[in-house]
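1. A predicted structure for the sequence below; I have some questions about it.
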Amino acid sequence: MAFFIFFSIVIIIYSLVNYYIFSRGLQALPAGSVLRAWYIPVFWTLAATYIAGRFLERVWLGPVSDALVWTGSFWLGAMLYFFLLVVLVDIFRVVNHFIPIIPAFARENFANFKLWLLGGSVLLVALMLVAGYINALNPRIKTVEINIPKHANGLESLNAVVMSDIHLGTMIGNGRLERIVNKANGLNPDIILLPGDILDEDLEPVIRQNAGATLKQLSAPMGVFGVMGNHEYIGGPEPAYRYLSEHGIIMLRDSLVNINNSFILVGREDFQKGRFAGEERQSIEELMEGVDQNLPVIVLDHQPFHPEMAAAAGADLMLSGHTHNGQLWPLNYIIDAMYVIGYGLGQVDGMHMYVSNGVGTWGPPLRIGNRPEIVHLKIKFGKN
């Protein structure tokens, strides 16, 4: 019932936003014109593709569902920017009602002006989609250096690769994954850490592409470790856990491991476990009870909520993802308002924290305003 209510609210909001964009676009087209006749079915077909594709994936995964999901995913990005442009135009209309600011040439031929404005908006959004897609295909290597004052039994430094939010599935396929794996292995990491959302909602596209074989190619002498994210829970936590475990990733589910008696790695279940699985995850205090606090403690927690609790429990470093730094500007401002640290490196009550914007994408296969990243984390122990 909770899922049904949530889904219903999402559909209503999605429909209202699309109708708002549609109605403003329709006003710019002359009545009886060929453009108007085409506009109506094309718009609503595009608006329906993402939802139709996601439903079709559940019953028949194939080229048709892939085409619908891909088309609909680009529409999600277009919808955001069309919405912002329409809001901006309406603000100008309100201002113009009180203070005339529309130029005389536009007022004299207002019908053509509206048509040119619509055409310019479509062209601008199309260019943004192309640029955002190219940007999303090219993750950067982000080097982050951290000093942890605790000694690690002779281990002076740790060369780690951190990759959150790969979102393997229909949109992020095996070809993309191969390039990501090659870049990660090229950094010669001691350890590879995957802080959640390794998979997108559905496991079937991952199995179909045999992406697990590529995951197995991730190589680090201390191992490859991951935790569950909200998307593993949305798609089904147990199948996701089994698949990832069978393909070379040591999944930490409210558990911890002592790495070479040098540092403690703690992996938490996702923050939303209770919502999807009906039982809450362990508290960080329970999880770290009895941990040797003389050793450095690194916590993997997909969603960067309540880092102060990890700090109070004795963690030295918390690694998270989930936020994508908004993925599409200006959504990053919402992320900044929601989290103590929504992206990047910071400190919370003396604990280091790094929140990655992720190497993949969810929904629109676009990055606008930020680049995806593979984090090259260099930790020095025993130094302030």
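-> Arrived safely, thanks for sending. Numbers count the residues shown, from 1 in each chain.
2. secondary structure class for Val266?
-> Under DSSP: H, G, I helix; E, B strand; the rest coil, the three-state class of Val266 is strand.
3. swap in Val122?
-> State at Val122, reduced to three classes by three-state DSSP: helix.
4. burial of it, as a residue count?
-> Val122 has 14 neighbours, counted by other CB atoms under 10 Å. (C-beta placed from N, C-alpha, C; glycine too.)
5. next one: the one 10 residues further on
-> Under the neighbour criterion other CB under 10 Å, Gly132 is assigned a count of 23.
6. residue contacts, it?
-> By CB atoms under 8 Å, 6 or more residues apart in numbering, the contact set of Gly132 is 77, 328, 364, 366-368.
7. ok, it to Phe43 distance?
-> When distance is defined by CB to CB, to the nearest Å, Gly132 is 21 Å away from Phe43.
8. Kindly report the same for Gly32.
-> 18 Å.
9. okay, these two: which has more neighbours?
-> More crowded of Gly32 and Phe43, by other CB under 10 Å: Phe43, with 17 against 7.
10. What helices and strands are in contact with the helix or strand harbouring that one?
-> Taking DSSP states H and E as the criterion, Phe43 maps to helix 34-59. Contacts defined by 3 or more CB pairs under 8 Å, 6 or more residues apart in numbering; DSSP states H and E place helix 34-59 against helix 2-27, helix 63-98.
11. now it: mean pLDDT?
-> Helix 34-59 carries an average pLDDT of 93.
12. and if you look at stretch 267-287?
-> Stretch 267-287 comes out with an average pLDDT of 92.
13. Equivalent analysis for stretch 138-158, please.
-> Mean predicted lDDT for stretch 138-158 stands at 96.
14. could I have it exported to CSV, CA atoms only?
-> This file holds the C-alpha atoms of stretch 138-158, laid out as CSV (Å, rounded to 0.1, in the frame of the first residue of the first chain):
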residue,chain,number,x,y,z
ASN,A,138,33.4,10.2,-19.7
PRO,A,139,34.1,9.8,-16.0
ARG,A,140,37.1,11.6,-14.6
ILE,A,141,39.6,10.4,-12.1
LYS,A,142,39.1,12.4,-8.9
THR,A,143,42.1,12.2,-6.6
VAL,A,144,41.3,12.7,-2.9
GLU,A,145,44.0,12.7,-0.2
ILE,A,146,43.2,12.0,3.5
ASN,A,147,45.3,11.7,6.6
ILE,A,148,44.1,9.5,9.4
PRO,A,149,46.2,10.0,12.6
LYS,A,150,45.8,6.4,13.8
HIS,A,151,48.6,3.9,13.1
ALA,A,152,47.7,0.9,11.0
ASN,A,153,50.2,-1.8,12.2
GLY,A,154,52.9,-0.8,9.8
LEU,A,155,50.7,0.1,6.9
GLU,A,156,51.7,3.7,6.1
SER,A,157,49.3,4.4,3.2
LEU,A,158,46.3,2.9,1.4
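15. which residues touch it?
-> 180, 183, 187, 190-191, 260-263, 294-296, 316-317, 345, 352, 354, 356, 359, 371-384.
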